[in-house]
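A.B. asks: can't give you the sequence, but here's the structure:
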(Lines give C-alpha, C1' and ligand atoms only; values in the text may rest on other atoms or scores of the structure.)
Protein backbone atom coordinates (compact mmCIF):
# COMPACT_ATOMS: atom_id res chain seq x y z
CA UNK A 1 0.00 0.00 0.00
CA UNK A 2 1.19 3.50 -0.70
CA UNK A 3 1.51 6.07 2.07
CA UNK A 4 2.97 9.50 2.78
CA UNK A 5 4.32 10.91 6.01
CA UNK A 6 4.74 14.60 6.66
CA UNK A 7 6.31 14.73 10.13
CA UNK A 8 5.87 18.46 10.69
CA UNK A 9 2.30 19.57 11.38
CA UNK A 10 3.19 23.25 11.79
CA UNK A 11 6.26 25.25 10.76
CA UNK A 12 6.93 28.93 11.40
CA UNK A 13 9.61 30.81 9.52
CA UNK A 14 10.54 34.46 9.19
CA UNK A 15 10.04 36.19 5.88
CA UNK A 16 13.21 35.94 3.84
CA UNK A 17 14.40 32.80 5.62
CA UNK A 18 14.88 29.49 3.87
CA UNK A 19 12.30 26.72 4.09
CA UNK A 20 12.36 22.95 3.98
CA UNK A 21 9.24 20.80 4.36
CA UNK A 22 9.78 17.10 4.86
CA UNK A 23 8.02 14.28 3.09
CA UNK A 24 8.62 10.53 3.28
CA UNK A 25 6.74 8.06 1.13
CA UNK A 26 6.12 4.36 0.83
CA UNK A 27 5.44 2.91 -2.59
CA UNK A 28 6.11 -0.46 -4.15
CA UNK A 29 7.48 0.76 -7.45
CA UNK A 30 8.93 3.95 -8.86
CA UNK A 31 6.66 6.62 -7.46
CA UNK A 32 5.21 9.72 -8.96
CA UNK A 33 5.59 12.44 -6.34
CA UNK A 34 3.81 15.73 -5.95
CA UNK A 35 3.67 18.81 -3.78
CA UNK A 36 0.42 20.77 -3.58
CA UNK A 37 -0.36 24.02 -1.81
CA UNK A 38 -3.75 24.92 -0.38
CA UNK A 39 -4.61 28.44 0.74
CA UNK A 40 -7.63 29.00 3.01
CA UNK A 41 -10.87 28.40 1.13
CA UNK A 42 -9.02 27.36 -2.00
CA UNK A 43 -8.51 24.11 -3.82
CA UNK A 44 -5.21 22.34 -4.25
CA UNK A 45 -2.66 23.92 -6.55
CA UNK A 46 0.18 21.82 -7.93
CA UNK A 47 3.60 23.24 -7.05
CA UNK A 48 5.77 20.61 -8.68
CA UNK A 49 5.97 16.95 -9.59
CA UNK A 50 8.56 14.23 -10.05
CA UNK A 51 8.03 11.48 -12.58
CA UNK A 52 11.55 10.48 -13.61
CA UNK A 53 14.91 11.90 -14.63
CA UNK A 54 16.65 14.69 -12.77
CA UNK A 55 16.03 14.20 -9.06
CA UNK A 56 15.95 17.94 -8.40
CA UNK A 57 12.75 19.41 -9.78
CA UNK A 58 11.77 23.02 -10.08
CA UNK A 59 8.25 24.23 -9.54
CA UNK A 60 6.21 27.37 -9.48
CA UNK A 61 6.65 30.26 -7.05
CA UNK A 62 10.35 29.53 -6.61
CA UNK A 63 9.90 26.12 -4.98
CA UNK A 64 12.04 23.07 -5.65
CA UNK A 65 12.10 19.51 -4.36
CA UNK A 66 14.64 16.74 -4.36
CA UNK A 67 13.81 13.06 -4.80
CA UNK A 68 16.07 10.78 -2.75
CA UNK A 69 15.26 7.15 -3.43
CA UNK A 70 17.62 5.84 -0.74
CA UNK A 71 15.79 7.85 1.91
CA UNK A 72 12.30 7.54 0.39
CA UNK A 73 12.06 11.29 0.68
CA UNK A 74 10.82 14.18 -1.43
CA UNK A 75 11.49 17.33 0.57
CA UNK A 76 10.25 20.73 -0.58
CA UNK A 77 12.55 23.75 -0.36
CA UNK A 78 12.52 27.45 -0.99
CA UNK A 79 15.57 29.68 -0.47
CA UNK A 80 13.65 32.78 0.63
CA UNK A 81 10.09 32.65 1.91
CA UNK A 82 7.56 35.39 1.19
CA UNK A 83 4.62 36.26 3.44
CA UNK A 84 2.27 35.08 0.68
CA UNK A 85 3.67 31.54 1.00
CA UNK A 86 1.72 31.04 4.22
CA UNK A 87 -0.59 28.12 3.46
CA UNK A 88 -0.91 24.39 3.93
CA UNK A 89 1.37 22.13 1.93
CA UNK A 90 0.58 18.55 0.98
CA UNK A 91 2.91 15.90 -0.34
CA UNK A 92 1.33 13.13 -2.39
CA UNK A 93 2.41 9.89 -4.03
CA UNK A 94 0.79 8.24 -7.00
CA UNK A 95 1.32 5.80 -9.78
CA UNK A 96 -0.18 4.47 -12.94
CA UNK A 97 -1.39 1.37 -11.16
CA UNK A 98 -4.80 1.67 -9.57
CA UNK A 99 -5.89 4.35 -11.96
CA UNK A 100 -3.86 7.43 -11.10
CA UNK A 101 -4.57 7.00 -7.39
CA UNK A 102 -3.11 9.79 -5.27
CA UNK A 103 -2.34 9.31 -1.60
CA UNK A 104 -1.79 12.48 0.37
CA UNK A 105 0.08 13.21 3.56
CA UNK A 106 -1.60 15.00 6.44
CA UNK A 107 -0.12 18.33 5.44
CA UNK A 108 2.22 20.94 6.94
CA UNK A 109 0.80 24.31 7.92
CA UNK A 110 3.30 27.07 7.15
CA UNK A 111 3.20 30.34 9.04
CA UNK A 112 5.39 33.23 7.92
CA UNK A 113 6.40 35.87 10.43
CA UNK A 114 7.00 39.36 9.12
CA UNK B 1 -9.70 27.57 -20.10
CA UNK B 2 -12.03 27.12 -17.15
CA UNK B 3 -10.90 24.92 -14.30
CA UNK B 4 -12.91 22.44 -12.30
CA UNK B 5 -16.10 24.07 -11.07
CA UNK B 6 -17.85 23.07 -7.86
CA UNK B 7 -21.00 24.28 -6.19
CA UNK B 8 -22.01 25.24 -3.66
CA UNK B 9 -18.82 26.52 -2.06
CA UNK B 10 -20.28 26.33 1.42
CA UNK B 11 -23.18 24.38 2.89
CA UNK B 12 -24.54 24.27 6.42
CA UNK B 13 -27.18 21.68 7.26
CA UNK B 14 -28.61 19.95 10.29
CA UNK B 15 -27.86 16.30 10.87
CA UNK B 16 -30.15 13.80 9.20
CA UNK B 17 -30.78 16.21 6.32
CA UNK B 18 -29.76 15.35 2.74
CA UNK B 19 -27.15 17.34 0.86
CA UNK B 20 -25.76 17.29 -2.68
CA UNK B 21 -22.61 18.63 -4.27
CA UNK B 22 -22.09 19.33 -7.94
CA UNK B 23 -18.93 19.21 -10.04
CA UNK B 24 -18.18 20.23 -13.61
CA UNK B 25 -14.77 18.93 -14.74
CA UNK B 26 -12.37 20.48 -17.20
CA UNK B 27 -13.60 20.05 -20.75
CA UNK B 28 -12.23 16.87 -22.30
CA UNK B 29 -11.30 15.25 -19.00
CA UNK B 30 -12.89 11.82 -18.93
CA UNK B 31 -11.74 10.91 -15.44
CA UNK B 32 -13.41 12.50 -12.43
CA UNK B 33 -12.59 12.08 -8.75
CA UNK B 34 -14.36 12.95 -5.53
CA UNK B 35 -12.22 13.41 -2.41
CA UNK B 36 -13.10 14.16 1.19
CA UNK B 37 -10.75 16.28 3.27
CA UNK B 38 -11.30 16.22 7.01
CA UNK B 39 -9.99 19.06 9.12
CA UNK B 40 -6.24 18.80 9.54
CA UNK B 41 -5.94 15.92 7.08
CA UNK B 42 -5.06 15.38 3.47
CA UNK B 43 -7.71 14.55 0.89
CA UNK B 44 -8.89 10.94 0.67
CA UNK B 45 -10.40 9.45 -2.46
CA UNK B 46 -14.09 8.56 -2.27
CA UNK B 47 -14.82 7.56 -5.85
CA UNK B 48 -13.29 7.69 -9.32
CA UNK B 49 -15.18 7.76 -12.60
CA UNK B 50 -13.99 6.86 -16.07
CA UNK B 51 -16.61 8.53 -18.24
CA UNK B 52 -19.92 7.53 -16.64
CA UNK B 53 -18.60 4.36 -14.99
CA UNK B 54 -17.57 4.31 -11.34
CA UNK B 55 -14.36 2.27 -11.53
CA UNK B 56 -13.21 2.72 -7.93
CA UNK B 57 -15.78 3.32 -5.19
CA UNK B 58 -14.16 1.16 -2.55
CA UNK B 59 -13.83 4.09 -0.10
CA UNK B 60 -17.35 5.43 -0.58
CA UNK B 61 -19.60 4.80 2.46
CA UNK B 62 -22.41 3.32 0.48
CA UNK B 63 -24.97 3.29 3.26
CA UNK B 64 -25.40 7.05 3.06
CA UNK B 65 -23.27 8.30 0.17
CA UNK B 66 -24.11 8.05 -3.50
CA UNK B 67 -22.69 9.56 -6.65
CA UNK B 68 -23.59 9.75 -10.27
CA UNK B 69 -22.06 10.99 -13.47
CA UNK B 70 -24.77 10.83 -16.06
CA UNK B 71 -23.57 11.49 -19.61
CA UNK B 72 -19.98 11.29 -18.43
CA UNK B 73 -19.48 14.98 -17.76
CA UNK B 74 -20.96 16.63 -14.65
CA UNK B 75 -21.14 14.69 -11.42
CA UNK B 76 -23.19 14.87 -8.25
CA UNK B 77 -22.21 13.53 -4.84
CA UNK B 78 -25.04 13.05 -2.35
CA UNK B 79 -25.21 12.32 1.36
CA UNK B 80 -28.47 11.13 2.88
CA UNK B 81 -28.82 11.41 5.78
CA UNK B 82 -25.88 13.56 6.84
CA UNK B 83 -24.13 12.89 10.14
CA UNK B 84 -22.00 15.18 12.29
CA UNK B 85 -18.87 13.33 11.16
CA UNK B 86 -19.53 14.23 7.53
CA UNK B 87 -18.39 17.79 8.16
CA UNK B 88 -15.45 18.20 5.79
CA UNK B 89 -14.36 19.74 2.51
CA UNK B 90 -15.45 17.76 -0.53
CA UNK B 91 -13.07 18.18 -3.45
CA UNK B 92 -13.65 17.28 -7.05
CA UNK B 93 -10.79 16.69 -9.47
CA UNK B 94 -10.50 15.71 -13.09
CA UNK B 95 -7.85 14.39 -15.43
CA UNK B 96 -7.34 13.04 -18.88
CA UNK B 97 -7.74 9.30 -19.23
CA UNK B 98 -5.63 6.59 -20.74
CA UNK B 99 -2.12 6.72 -22.10
CA UNK B 100 0.97 5.11 -20.67
CA UNK B 101 1.95 7.76 -18.17
CA UNK B 102 0.42 9.49 -15.22
CA UNK B 103 -2.41 11.92 -15.89
CA UNK B 104 -2.26 15.00 -13.69
CA UNK B 105 -5.29 15.70 -11.56
CA UNK B 106 -6.70 19.22 -11.45
CA UNK B 107 -8.69 20.18 -8.37
CA UNK B 108 -11.70 22.36 -7.88
CA UNK B 109 -12.06 24.80 -4.94
CA UNK B 110 -14.13 22.36 -2.93
CA UNK B 111 -17.39 22.48 -1.00
CA UNK B 112 -17.09 23.04 2.72
CA UNK B 113 -19.87 21.12 4.50
CA UNK B 114 -20.83 21.83 8.09
CA UNK B 115 -23.30 19.47 9.75
CA UNK B 116 -24.89 20.83 12.93
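C.D. replies: All right, it came through fine. None of the values given here were measured: they were computed from a predicted structure.
A.B. asks: mind showing which ranges of chain B have poor pLDDT?
C.D. replies: Along chain B, segments meeting pLDDT under 70 span B:1, B:98-101.
A.B. asks: could you do chain A as well?
C.D. replies: For chain A, residues meeting the criterion pLDDT under 70 lie at A:96-99.
A.B. asks: could you pull out the strands for it?
C.D. replies: With DSSP state E as the criterion, chain A has strands at A:3-5, A:10-14, A:19-21, A:24-26, A:32-38, A:44-50, A:56-58, A:64-68, A:73-78, A:87-94, A:102-104, A:108-113.
A.B. asks: what about the third one, distance to the chain center?
C.D. replies: Here strand A:19-21 shows a centroid-to-chain-centroid distance of 9 Å under the convention CA atoms, centre = their mean, to the nearest Å.
A.B. asks: in that strand, what counts as buried?
C.D. replies: A:19, A:21 (16 or more other CB atoms under 10 Å in any protein chain shown). Just so you know, the C-beta spots here come from the backbone N, C-alpha and C atoms, and that holds for glycine as well.
A.B. asks: wait, does it contact chain B?
C.D. replies: No - against chain B, strand A:19-21 shows no contacts by CB under 8 Å from any CB of the partner chain, the least distance being 13.5 Å.
A.B. asks: what residues does the nearest residue to residue A:65 once chain neighbours are set aside make contact with?
C.D. replies: Once flanking residues are discounted, residue A:65 sits nearest to residue A:76: 4.8 Å by CB to CB, 6 or more residues apart in numbering or on different chains. Residue A:76 sits next to A:19-21, A:23, A:35, A:47-48, A:63-65, A:89, A:91 when contact means CB atoms under 8 Å, 6 or more residues apart in numbering or on different chains.
A.B. asks: please tabulate the strands of chain A in TSV, including the columns distance to residue B:91.
C.D. replies: Output for the strands of chain A, formatted as TSV (distance: least, CB to CB, whole Å):
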stretch	distance to residue B:91
strand A:3-5	17
strand A:10-14	22
strand A:19-21	21
strand A:24-26	21
strand A:32-38	10
strand A:44-50	7
strand A:56-58	24
strand A:64-68	22
strand A:73-78	21
strand A:87-94	11
strand A:102-104	10
strand A:108-113	18
